[in-house]
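Undergrad: here you go, sequence then predicted model.
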Amino acid sequence: MAEVSVGIIGSQFERHCLYLQKELVRQGAQAFILDNSPDVPYPLSFGGEDSHYENRDLSETNVYFLRALFVPTPAFDTSQIKEQIKENGFLAYAAERERYAAWLSWLKSSSYFGRLIVNPVDTLLIHFAKPYHLECLRRAGIPVPKTLVTSNPEKVLEFSHNCDVIYKPVAGGALCRLLTEEDKKPERLEALSTAPVQFQEYIKGQDVRVFVLDGKVIASFIIEGEGIDYREGAHQVKPFEITPEIAQLCIEACETLGLIFSGIDLKLRPDGSVICIECNPSPMFEGFDRVAPVSIVSQLASYLIQQAILKEENKLKVRN
């Protein structure tokens, strides 16, 4: 069989794209990055079954890892097109919107042409619509923190009356903060009028990260850090063996959200129970690999290659 090909959708300069590409090549696959960054010339052409990335024919590449899809909102870094926005106003934004619409259409159409996207593009929604993400899990019986999205000061005070509360952006992208008495003063609460904020009960316990791939737990870690959000200060990551019950909960959470590959953030409470904080549709894993007994990237690359081989074998069967 010819050398298999795997595409990585994201940025040619993003370290996880490069890290996975290197491992795919090490395992014998052709691997290339499809860059959809806003600061590079638009590279994708498609119509029906025909697809090209720049001059590369994509007809023989049936498996892709979706690291990032840059959207035409402040969710992407506008510094690269700042001057263009200043000079051209809406035209600069409109160009980015067209690029996004094209990439999204190509990704959404992939199943019609036998392409596998890991993860499906629809799962990126849960990265930005975090309250919806939590509601999906709650309805599936996955324990999640009590959550309130509001810009109403009275509702914030009521929600935080009998418990410690953290707050963070509805769309994510910033650290969690503990709601303090200073935050509850009228002058601070008045700032809520400009945009809603996500408030959650503060769950005391240890931070645990679990990686799931294709319905199996492939790695789990405990994270020992300082403060409310371990990302803010120094922290240490150690391999950690989870119980079969916690593993099953993580697998069910991924199935609920349609995730093939995910990094699930949990809080492990002193009584051994867990609360699911979120399931990441495009998790970072390079740092965890420094202490992983079996690297996450090697398992992910192996899975992508195996899926590419299966896709090619199925194509050959159809032709014969």
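TA: Right, received. Where do you want to start? Just so we're clear, the structure is a prediction, and the values are computed from it rather than from any experiment. Numbers count the residues shown, from 1 in each chain.

Undergrad: not including adjacent chain positions, what is the nearest residue to residue 25?
TA: Excluding the flanking residues, the one nearest residue 25 by Cβ to Cβ, 6 or more residues apart in numbering is residue 31, at 5.4 Å. The C-beta positions use only the backbone N, C-alpha and C, and glycine is treated the same way.

Undergrad: for that neighbour, helix, strand, or coil?
TA: Classification of residue 31 by DSSP: H, G, I helix; E, B strand; the rest coil places it in strand.

Undergrad: then the one 10 residues further on?
TA: For residue 41, the reduced secondary structure class is coil; criterion used: three-state DSSP.

Undergrad: tell me the bridge partners for residue 266.
TA: Taking DSSP bridges as the rule, residue 266 bridges to residue 208, residue 276.

Undergrad: residue 57 too?
TA: Taking DSSP bridges, one obtains residue 52 as the residues bridged to residue 57.

Undergrad: residues in contact with residue 284?
TA: 16, 263 (Cβ atoms under 8 Å, 6 or more residues apart in numbering).

Undergrad: residue numbering should commence at 424 henceforth.
TA: Sure thing, new numbering starts at 424, so read that last one as residue 707.

Undergrad: and it, backbone torsions?
TA: When read as degrees, to the nearest 10, the backbone of residue 707 gives phi -80, psi 140.

Undergrad: can you check the pLDDT for residue 505?
TA: For residue 505, the pLDDT comes out at 63.

Undergrad: point out where the protein drops to low pLDDT.
TA: The model of the chain has pLDDT under 70 over residues 424-425, 495-513, 515, 649-657, 743.

Undergrad: mind listing the strands the longest strand along the chain pairs with, and their directions?
TA: Criterion DSSP state E: the longest strand present in the chain is strand 639-648. Within its sheet, strand 639-648 is paired with strand 629-636 (antiparallel), strand 658-662 (antiparallel), according to DSSP bridges.

Undergrad: and the helices in the stretch 474-623 of the chain?
TA: Per DSSP state H, counting those that start in this stretch, the stretch 474-623 of the chain has helices spanning 505-511, 513-531, 548-551, 553-562, 576-582, 609-612. These are given in chain order.

Undergrad: between the ones you listed, which gets nearest to residue 682?
TA: helix 548-551 (8.2 Å; Cβ to Cβ).

Undergrad: mind giving me the packing neighbours of the helix or strand harbouring residue 431?
TA: Following DSSP states H and E, one finds residue 431 within strand 428-433. With contacts taken as 3 or more Cβ pairs under 8 Å, 6 or more residues apart in numbering; DSSP states H and E, strand 428-433 sits against helix 438-449, strand 453-458, strand 486-489, helix 719-742.

Undergrad: can I get that strand as PDB, trimmed to CA atoms?
TA: Provided in PDB are the C-alpha atoms of strand 428-433 (Å, rounded to 0.1, in the frame of the first residue of the first chain):
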ATOM      1  CA  SER A 428      -1.400  10.900   4.000                       C
ATOM      2  CA  VAL A 429      -2.800  12.800   7.000                       C
ATOM      3  CA  GLY A 430      -3.700  16.500   7.100                       C
ATOM      4  CA  ILE A 431      -3.500  18.800  10.100                       C
ATOM      5  CA  ILE A 432      -5.800  21.900  10.000                       C
ATOM      6  CA  GLY A 433      -4.500  24.900  11.900                       C
END
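
Undergrad: next, the angle from it to helix 719-742.
TA: Calculated by axes from the mean of the first three to the mean of the last three Cα atoms, to 10 degrees, strand 428-433 forms an angle of 130 degrees with helix 719-742.

Undergrad: tell me which residues of strand 428-433 are tucked away?
TA: 428-433 (16 or more other Cβ atoms under 10 Å).
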